[in-house]
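**Q** got a predicted structure here, sequence first:
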Amino acid sequence: MAQLKVYKLHFTSPLHIGDNKDDYSISLKTISSDTMYAALTSCLAKVGELIPDDGNLGFTISSLFPFYQKDKNDQPIYFFPKPLSVKLPKVKVEDAKKIKKVSWIESSYFNEIINGENFPDNTAEIKGAFLAKGLKNVFIKSQISQRVAVSRSGNEDAMPFYMDRIYFEDYSGLFFIAEGDTSYLEKAMNILKHEGIGTDRNVGNGFFEFDSSKTIEIDIPQNTDLSISLSSFIPENKEQLLSFLNHKNVNYDFQRRGGWITTHPFNSYRKNAIYSFASGSVFNYQSNSISTVGKIVNLKPTLGFEPEINHPIWRNGKSIFLPIKNA
């Protein structure tokens, strides 16, 4: 049984998480590990902390996953991503449709699934994208409001647009798992909670409190060829990629990573883009313990910019891997 260190984020304001299409009318419900890592790195740089030359702060984090908690003193229900390779039960068509929509699995079920159990067939425990014992309602709410974009120069008409912001009911929020030396992480989190995360932080979005005193127990399966990624993952080289894909039960999803540079005066520049594997992907990787696999890349654009960007722009593709039998 392994103890995983958990950081819980309880948001004190609404949150908008942008996608690659810059569509403000849709907010993602979770935050990728590389986005969170970039925000933490930026916070440390702002207060003069020396960032290592390779961008490695000494720790690896999972992507941010939902948790439900009635109030501050209750036990949270932690959710993990549904493995993209999973044994599904033979059920009626209407129940199969419900199961297909599930994205998030309560930790106790997740534990069973990675140890070879079939996906639960009790569809009464499915609430939207969530599978959990005793969960009464979906606890992540979305609210769309109209906003107006005003031209900075004053030479263009004001343009209305729609903004989707999400709220977490009760004391719910997002959590992530951390592996390694977390001393830099603690410093960065104490800054980031005041800076906020996501879009429109200057108008009060994305602020949070956090708790790093908790752990989750996971029963690590042994003697399995496969592992599930809990983070955004970039392979270290072509040989590793080919090896990881060499299994009939491998299943994965891609995500394009890039976006805008957030440091002045380069805010109007876009980073270089790269594709990474999404959390929940299952690969041909044998281990009997929690592992950290992947690499950090520099997405600094190098051509045609004036002034020239004077610092690296790290994108962390190091991922936490757990062995999984159910694939």
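**A** Sure thing, it's come through.

**Q** which parts of the stretch 151-300 of the chain are strands?
**A** 159-168, 173-180, 208-218, 226-229, 254-257, 274-277, 282-284, 291-293, 296-298 (DSSP state E, counting those that start in this stretch).

**Q** winner for burial among the ones you listed?
**A** Comparing these by mean neighbour count (mean count of other C-beta atoms under 10 Å), strand 226-229 ranks first with a mean of 28. Where you see a C-beta, it was placed from the backbone N, CA and C, and this is true even at glycine.

**Q** output that strand as PDB, nothing but the C-alphas.
**A** Output of strand 226-229 as PDB, limited to C-alpha atoms (Å, rounded to 0.1, in the frame of the first residue of the first chain):
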ATOM      1  CA  LEU A 226       1.100  -1.600 -18.100                       C
ATOM      2  CA  SER A 227       1.000   1.700 -16.300                       C
ATOM      3  CA  ILE A 228      -1.500   4.700 -16.200                       C
ATOM      4  CA  SER A 229      -0.300   8.300 -16.500                       C
END
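
**Q** which other residues reach it?
**A** Outside strand 226-229, the residues within contact range by C-beta atoms under 8 Å, 6 or more residues apart in numbering are 83, 85, 114, 247, 249-250, 277-287, 291, 293, 319-325, 327.

**Q** stretch 63-78 now?
**A** Contacts to stretch 63-78, defined as C-beta under 8 Å, 6+ apart, come from residues 6, 8-9, 29-33, 36, 79-81, 104, 106-107, 130, 132, 134-135, 139-140, 168, 170-176, 214, 216, 230-232, 279.

**Q** redo the strands of the stretch 151-300 of the chain as TSV? Include distance to residue 309 and mean pLDDT.
**A** Listed next are the strands of the stretch 151-300 of the chain as TSV, based on distance: least, C-beta to C-beta, whole Å; pLDDT from 0 to 100:
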stretch	distance to residue 309	mean pLDDT
strand 159-168	29	82
strand 173-180	28	97
strand 208-218	29	93
strand 226-229	30	96
strand 254-257	18	88
strand 274-277	17	93
strand 282-284	33	96
strand 291-293	29	95
strand 296-298	11	92
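
**Q** tell me which of those sits nearest to residue 62.
**A** Nearest to residue 62 among the strands of the stretch 151-300 of the chain is strand 173-180 (4.2 Å), distances taken as C-beta to C-beta.

**Q** give the pairing partners of that closest one; include direction for each.
**A** Sheet partners assigned to strand 173-180 using DSSP bridges are listed as strand 2-11 (antiparallel), strand 59-61 (antiparallel), strand 65-68 (antiparallel).

**Q** can you pull the contacts of residue 285?
**A** 225, 226, 227, 243, 244, 291, 293, 321.

**Q** how does it look with 6 Å?
**A** Residue 285 makes contact with 227, 244 under the criterion C-beta atoms under 6 Å, 6 or more residues apart in numbering.

**Q** give me the number of residues near residue 144?
**A** Burial of residue 144, expressed as a neighbour count using other C-beta atoms under 10 Å, amounts to 12.

**Q** residue contacts, it?
**A** Under the criterion of C-beta under 6 Å, 6+ apart, the contact list for residue 144 reads 162, 164.

**Q** mind putting the strands of the stretch 151-300 of the chain into JSON lines with distance to residue 2?
**A** Supplementary listing: the strands of the stretch 151-300 of the chain in JSON lines, determined by distance: least, C-beta to C-beta, whole Å:
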{"stretch": "strand 159-168", "distance to residue 2": "27"}
{"stretch": "strand 173-180", "distance to residue 2": "10"}
{"stretch": "strand 208-218", "distance to residue 2": "5"}
{"stretch": "strand 226-229", "distance to residue 2": "13"}
{"stretch": "strand 254-257", "distance to residue 2": "27"}
{"stretch": "strand 274-277", "distance to residue 2": "22"}
{"stretch": "strand 282-284", "distance to residue 2": "19"}
{"stretch": "strand 291-293", "distance to residue 2": "11"}
{"stretch": "strand 296-298", "distance to residue 2": "24"}
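
**Q** what's the end-to-end length of stretch 275-295?
**A** 13 Å (C-alpha to C-alpha, to the nearest Å).

**Q** centre of the chain to it, how far?
**A** Remark: stretch 275-295 is offset 14 Å from the chain centroid, using C-alpha atoms, centre = their mean, to the nearest Å.

**Q** residue 221: neighbouring residues, count only.
**A** Each residue near residue 221 was counted by other C-beta under 10 Å, and the total is 18.

**Q** repeat that for residue 148.
**A** In terms of burial, residue 148 registers 8 neighbours under the definition other C-beta under 10 Å.

**Q** closest to residue 193 out of the strands of the stretch 151-300 of the chain?
**A** Closest approach to residue 193 among those (C-beta to C-beta): strand 208-218, 5.4 Å.

**Q** partner strands of the closest one, with direction?
**A** Listed by DSSP bridges, the sheet partners of strand 208-218 and their directions read strand 2-11 (antiparallel).
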